[in-house]
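Trainee: Just to be clear, the model below is a prediction. Sequence and coordinates:
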Amino acid sequence: MKIGITCYPTYGGSGVVATELGLELAERGHEVHFVSYAQPFRLDRFRERVYFHEVEMDPYPLFEHPPYSVALAAAIHDVAVHHELDLVHVHYAIPHATSAWMAREMLLPGRAPKVVTTLHGTDITLTGKHPSLHSITRFSIQKSDGITAVSRFLRDETEASFGVNGGRIQVIPNFIDTQRYRRDRKPCHRATLAPGGEKILMHISNFRPVKRVEEVIRVFAGVRSEGEARLVMVGDGPDRPRAQALADALGVADDVLFLGKHTPVEELLACADLFLLPSESESFGLAALEAMACGTPVVATRVGGVPEVVVDGETGFLHDLDDTEGMAASACRLLGDDGLWSRFSEAGQRVAREEFSAARIVPVYESFYETVLAGGGGSKTHESE
Ligand code: GMT
């Protein structure tokens, strides 16, 4: 197949999944064309059958807000024509599903690629719900030839918030390359991250409010009050200064390392003892899956699709949103009991391997594409009017 992929190229789960999917599809013999405003950050070296098309934007002074959605539609259209794409797979509904719909409308039905939209999370739970975007988000999702969501939670949310028939949405969970994400990676950075042999807690995110990075610091302060430990914060975003200030205020700043954006994350996760994810909302929690694959147990909030990934009491512990003390207690329990920790670590690796490996999930996308190309996928031309 010839497949176009559009995603956000920046640090974030949907871009990671889109890029890894594209690379896996290319490995399996498909021709893959990424279309975005910048090179996706994990598209870091030459691969056979993989192409990148940058969306051109003319910074004309009249454009206080340059029309990216339209430029993207034109770029998808042009790539579809020149490379005879069979299908365009967009990740994150806004504005990608809208741009793909416009590109498809520009072509005659026989020459237009099918459009598959994967819903990732905040496009449904946050940004798409805003009154200014709700109707166009709904319309664009409905107009897709195929729709997937990364968890059952997100499928149900899409049905509830946008009135999209859940039967039209195929749940395809996120996946992981279990050859890359594993415990026994060398070299190990433990000695650098925790020179005194302390236990290592880790958090990775884009430090946006939904991730509650201050809660990460509070949970760590609870753990630190019980014994020696270090917290490694990976990523960057608007709440980083707040988290740093709180670490100072709680007297734990010397044991908190803010690394900033860092890839590959697997070499850090493989030497962590615990992963903290106290998000307010999380459609899936790819970072938790990455941690599990690296044998790092997870302490997280019981929100959204997280229970579909982290098995409570087996690969991690889940808590209510404001249960800071409970999360700290669970962390201490895991860190203080080597036998328990090993069981959780092994279970996490097994679940990642058996349920979320690329080898298992990528063929599900391929067969979904085939269904959509054969006219399935449940496209309803006028359903949204
Ligand atoms: O919120 C983020 O971290 C970024 C966002 C994205 O779209 O890039 O993440 C969402 O998609 C990820 C990949 O499917 C999921 O693992 C995250 O749970 C989801 N984030 C939220 O739902 C808040």
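Mentor: On my side now, so go ahead.
Trainee: Residues of this structure that sit close to the ligand?
Mentor: Taking CB under 6 Å from any ligand atom as the contact definition, the chain meets the ligand at 12-15, 17, 92, 120-122, 125, 150, 174, 206, 210, 281-286. Every C-beta, even on glycine, is put in place using the N, C-alpha and C of the backbone.
Trainee: hmm, try it at 5 Å
Mentor: Counting by CB under 5 Å from any ligand atom, the residues of the chain close to the ligand are Gly12, Gly13, Ser14, His120, Gly121, Val150, Val210, Glu282, Ser283, Phe284, Gly285, Leu286.
Trainee: Got the phi and psi for the residue lying closest to the last one once chain neighbours are set aside?
Mentor: With sequence-adjacent residues excluded and distances taken as CB to CB, 6 or more residues apart in numbering, Leu286 is closest to Gly13, at 4.3 Å. The phi/psi pair for Gly13 (degrees, to the nearest 10) reads phi -60, psi -40.
Trainee: What segments of the stretch 1-150 of the chain are helices?
Mentor: With helices called from DSSP state H, counting those that start in this stretch, the stretch 1-150 of the chain shows them at 13-27, 68-83, 96-105, 122-125, 131-143.
Trainee: Quick check: which of those helices is nearest to Ala328?
Mentor: Relative to Ala328, the nearest member of those by CB to CB is helix 13-27, separated by 25.7 Å.
Trainee: Show me what counts as buried in that closest one.
Mentor: Using 16 or more other CB atoms under 10 Å as the burial criterion, the residues of helix 13-27 that qualify are 13-26.
Trainee: what does stretch 79-87 give?
Mentor: In stretch 79-87, the ones that count as buried by 16+ other CB under 10 Å are Val79, Ala80, His83, Leu85, Asp86, Leu87.
Trainee: I'd like the mean pLDDT over the longest helix anywhere in the chain, please.
Mentor: Counting residues, the longest helix found in the chain (DSSP state H) is helix 338-355. Along helix 338-355, the predicted local confidence has a mean pLDDT of 98.
Trainee: ok, now stretch 242-250?
Mentor: 98.
Trainee: Show me what it is in contact with.
Mentor: Residues outside stretch 242-250 that contact it (CB atoms under 8 Å, 6 or more residues apart in numbering): Phe207, Val213, Glu214, Val216, Ile217, Arg218, Ala221, Met233, Ala253, Val256, Phe258.
Trainee: For it, C-alpha coordinates in PDB please.
Mentor: Listed in PDB are the C-alpha atoms of stretch 242-250, where the atom choice follows Å, rounded to 0.1, in the frame of the first residue of the first chain:
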ATOM      1  CA  ARG A 242       6.000  25.400  39.000                       C
ATOM      2  CA  ALA A 243       7.400  21.800  39.600                       C
ATOM      3  CA  GLN A 244      10.900  23.200  40.200                       C
ATOM      4  CA  ALA A 245       9.500  25.800  42.700                       C
ATOM      5  CA  LEU A 246       7.500  23.100  44.500                       C
ATOM      6  CA  ALA A 247      10.600  20.900  44.800                       C
ATOM      7  CA  ASP A 248      12.400  23.800  46.400                       C
ATOM      8  CA  ALA A 249       9.500  24.600  48.700                       C
ATOM      9  CA  LEU A 250       9.200  21.000  49.800                       C
END
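Trainee: From Gly339, how far off is the residue lying closest to Arg353 once chain neighbours are set aside?
Mentor: When the adjacent residues along the chain are set aside, Arg353 lies closest to Thr178, with 5.0 Å between them (CB to CB, 6+ apart). Computed as CB to CB, to the nearest Å, the Thr178 to Gly339 distance reads 24 Å.
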